[in-house]
Structures are given as structure tokens and as C-alpha cells.
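In: Any chance you can model this:
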Amino acid sequence: MIENFDLSLVNWSRGQFALTALYHWIFVPLTLGLSFIIAFMETIYVKSGEIEWQRITKFWMKLLGINFAIGVATGIILEFEFGTNWSNYSWFVGDIFGAPLAIEGIMAFFLESTFIAVMFFGWNKVSKKFHLLSTWLVAFGANLSALWILVANAWMEYPVGMKFNLEKARNEMYNFWDVFLSPVAVNKFLHTISSGFVLAAIFVIGISAWFLLKKREFLLSKRSIVIASVFGILASLFNIFTGDSSARIIAQKQPMKFAALEGLYEGRKNAPLIMVGAIKNTADNDSLKNSYHFKFEIPNLLSVLAFGNKSAFVPGIKDLVNGNDEKNIIPVEEKIKLGSIARQVLVKYKDARKTGDTVAADSIRNVFYGKEFQEKYFKYLGYSYINNPRSLIPNVPLTFYSFHVMVALGFYFLLFFILFLIFVLKNKLDKRKFLLRIAVLSIPLPYIASMTGWVVAEVGRQPWVVQDLMPTIIAVSQINANSVQLTFCLFAVLFTALLIAEISIMIKQIKIGPKN
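Out: Residues are numbered from 1 along each chain as shown. Predicted coordinates for the structure are as follows:
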């Protein structure tokens, strides 16, 4: 067991990474969706030859450029933090985690950065078709970049396609396709990019609505709203579908996170889904009992959502901590014992090699790589660092509320797009001042939905940095907590300044409007 570790260092390292990731994600989803919306607009321009479509494309392209430039800076800092603050993690899984990030840099970012210059500066310098191709390649490049980063993130939640190297004490990739095509990776990518598409569509509609309120750019606004509404409806439907798939995958691969999503402490069959509720902020993790001020629930729906069967048993936090013999759920105490055996074998192997006892080392190696040892003991290696079984319970209220806010906003967005498409096609939108104001005020909402989604993903899987194999407390670099605290403050100031700069530049360019 780890008896002495600097909890302050762990918390500040987590805080700094969360700060960087959340600020970075303010810029990323707009790029993912707006690049495709622009590509559709330019396609219409090339097909129709109508100069107004070129004007519309150039306006939204200008806003994309502002967002893209500032987003790159935060992304670079984020990747550097793996080496500075999370060196133990980087050593333990670097062979696996680093591969998708390397591919992202070589393939996706190269594609994106190569053609973005043509996209922004190639008007009247290259042919229309080549410029259009460049725009589409930038859109695909941006989303391809997200793919590899999300594959790396998904592996942390569902570590597959790897083999532990006993000599080097680290995990190494042995099956790239298992990592790349894992159900968690595929679904995470599809759900994340579709949420970016939704965000971009609302961004376009909100700004177009502002123009209509100001009685400016009627043609640009209405055409943009038609494109964004159709794009948004398709993205919303797909986002809801992938969200449902995500919940089912989480229930199977990360049952503790799933229980936290619904604040489910006691498992049950025919489990209801809580639509609206308020958790009592008491010592629920001590009592391991459901406790709400109020709740409105739909019978059986959680069992259906998790396992496609209304009679299915959904394990609660209590079952996952204390175990459930009837449902073959191993208690955490037993997992700690099994993981400790795996860790002791690692220590014995290290000692045998250090003393030059090759016979003992070979014997241990044979046992370690055996199927029984891998499936019974090694899979619980991370539990050997857990001192308190209840520390495996994530922050339930934060996970619960984040999940429900995200879901509620997802259905709101679908209704939002449908209403705007109906009114714009009926040519009645400019008379609906109230609806236009709602559109402007709705611009921050997809950002909130996106952020709460990441809170669910990352807070919900704590205390693990790699599910079941590496807890967060041992993943950090052995550095002074004060240095992390200092850089946290510096990054907070820097990122806030960048965000203010982007918003200021965006507002200025929107007020100027498109060039004639």
C-alpha cells in the first residue's frame, strides 16, 4: 500500500489538468462542427455559382479562424502536462497512450494545418474545386484529430489491446485494432463529435438571430439558419442515439460510474430512471443508501437503458463496494487482496532480477504471464493501492447533476432546431423576436452541455486514471505541489485572457459583419 503520498500534489495536478482540458474544450467543439457547416456552404457556392454563398462562407470562415488559432495553444499545453505532471502515468501506459497522440500529430494535425492556409488565403489563387477540397480536408482533419485523442482517452476508461511488460513494469500495446475499435472508443468519438456539431449549429443560429434582431443581413441569416437547423437536427438525433449507446456501454464497463449517474446506491431489478431529482447532500457514501429531497422517475427505464431489459438487475454503489454474491459481484476488499497478490509478484520479480536469481525470475515470469494469473490477479492490480473501499465512490452529486443537465439540454437542442427550421421555412422567423432572443441566449448552453459531459466522463471514473489498473494518486509526477499550484494560477490567468480575447475579437467581427 502507499501510505505516504502528497494529496495536495494530486489535487493540484488534477485541478491543473482539468483547468487546461476544460478551457481547451471551449474551442474544440466549435471547430469540429463549424468546419463542416462551412464546407456545406462552400459546396452550395461552387455548385450554384451564386456570389452570396461565397460571402456567407467567408464570414463564418473568419469566425472559425479566430477560434482555431486560440484553440491550438491550449491543446499543446495539455499534451505537455502528461510529461510534467503525470510522468508515472506516462511511463506506465506511454506505449499505448502515446501512439494515438503521435498519429494525431503526424496524420490529422498535418492534414488540418496544411490545407487550412489554402482554405483561408487561397480564394482567387487556386481553382474553386481545389479550394472546396481544401475546406473539406480541413473539416475532416479537425475531426480526425479529435478521433485519435478520444481513442487515447477511451483506452483509459477501458484498457484493452495491451500486455504488461514484466521487465519494464509498464503496459505495451500488442493489438492496435483492439485499442482503436474498442466499443468505448468508437462510441466516445461519435458522441463527442456529434455534440460538437450541435454546438456549432446553435452558434450559427444564435449569431444569425442577432443579425435579424438588428435588422441586418437577412439573406445571410436565413440561409445560415436553414443550413444550421438541418445540420443540427441530424446531429441532435445522432447525439441522442450515441448517448443511449454510451449509457449502455458505461453500465457494462464502468458500473460504478453508471450507478453514480443515477445516484443509485442500492441495486435493484426493474430500476427506474430519475428524470428530475435533488440528492440530499448528506453522508450518503457512509450510509450507502439512496437519499433524495425529491425525485420524479420513470419505472423500469434504467434497467432498459442499461441492459435492454426492464427486469434486468442494475447494481448500485452498495453492491459494487460490499459485493453481491447472488449477482457474482466481488467486494472491493476482495479485489484489494487479489490486486495485492499481483503487486507482490511484481516486487518479488524485481528483487529476483536485482539479486541475479534467474531461476526465481523465470519461475515468476511463467506464473505472471499465465492466463489464470492475468484474469484473476493482474486485472485488479490497481486495487492494491486502495486503502478505503469507499474511496472508489466518485462524487455522486456532481456526476448526477452533470449527467441530468447534459441529457435535458440534449433534448432541448433538438426542439430548438425543429422550431427554427419550421419558422425560417415559413418565412416568419424575423417576426418572432422572442424566439430570436432565445437563440442568442442559447449560445452558451451547448458549451455547458459539453462541459458537463466531460465532468461525467472524468469525475465519474475517479479514483482511476486507468480503470482498475492505476489510481490517480500514483499517476502524478514526484514534484513540489507548490510548483503545480503556481502553474495552475498562471494557466488560469493565461487561459482566461485568451478566452476574453477570443470573445472580444469574435464580437468585434460579428458586429462588423460580412464583407460586401
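In: who's in contact with residue 298?
Out: If a contact means CB atoms under 8 Å, 6 or more residues apart in numbering, then residue 298 has 272, 273, 275 as its contacts. Heads up, the C-betas are built off the backbone N, CA and C, glycines and all.
In: Give me the buried entries from these.
Out: Buried members of those, scored by 16 or more other CB atoms under 10 Å, are 272, 273.
In: between the contacts of residue 298, which is closest to residue 145?
Out: Nearest to residue 145 among the contacts of residue 298 is residue 273, at 34.9 Å by CB to CB.
In: check contacts around the residue nearest to that closest one when sequence neighbours are not counted.
Out: Once flanking residues are discounted, residue 273 sits nearest to residue 301: 3.6 Å by CB to CB, 6 or more residues apart in numbering. Neighbouring residues of residue 301 by CB under 8 Å, 6+ apart: 272, 273, 310.
In: Secondary structure and distance to residue 360 added to these, as CSV?
Out: Output for those, formatted as CSV (DSSP: H, G, I helix; E, B strand; the rest coil; distance: CB to CB, whole Å):
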residue, secondary structure, distance to residue 360
272, coil, 55
273, strand, 54
310, coil, 55
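In: These into a markdown table, with extra columns for distance to residue 498 and pLDDT?
Out: Shown next, in a markdown table, are those (distance: CB to CB, whole Å; pLDDT from 0 to 100):
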| residue | distance to residue 498 | pLDDT |
| --- | --- | --- |
| 272 | 44 | 89 |
| 273 | 39 | 89 |
| 310 | 49 | 89 |
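In: Lowest mean pLDDT among the helices and strands of this protein, which one is it?
Out: Counting by mean pLDDT, DSSP states H and E, the chain has its least confident helix or strand at helix 284-287, which shows a mean of 57.
In: Helices of the stretch 301-450 of the chain, start to end?
Out: In the stretch 301-450 of the chain, the segments counted as helices under DSSP state H, counting those that start in this stretch are 301-307, 317-322, 332-355, 358-368, 371-376, 396-425, 433-441, 444-459.
In: Can you give me the distance of residue 291 to residue 405?
Out: 20 Å (CB to CB, to the nearest Å).
In: Tell me how far residue 454 lies from residue 222.
Out: 34 Å.
In: need the contact list for the most centrally placed residue in the chain.
Out: With distances taken as CA atoms, centre = their mean, the residue of the chain nearest its centroid is residue 454 (4.6 Å). By CB under 8 Å, 6+ apart, the residues touching residue 454 are 21, 22, 25.
In: Name all residues that make contact with the residue lying closest to the first one once chain neighbours are set aside.
Out: Right, residue 21. Excluding the flanking residues, the one nearest residue 21 by CB to CB, 6+ apart is residue 78, at 6.1 Å. When contacts are counted by CB under 8 Å, 6+ apart, residue 78 touches 17, 20, 21, 24.
In: Mind giving me the packing neighbours of the lengthiest helix in the chain?
Out: What stands out as the longest helix in the chain, according to DSSP state H, is helix 7-48. Using 3 or more CB pairs under 8 Å, 6 or more residues apart in numbering; DSSP states H and E, the elements in contact with helix 7-48 are helix 51-84, helix 128-157, helix 183-213, helix 218-253, helix 444-459, helix 481-512.
In: Let me know the angle separating it from helix 218-253.
Out: 140 degrees (axes from the mean of the first three to the mean of the last three CA atoms, to 10 degrees).
In: Please consider this matter closed, and thank you.
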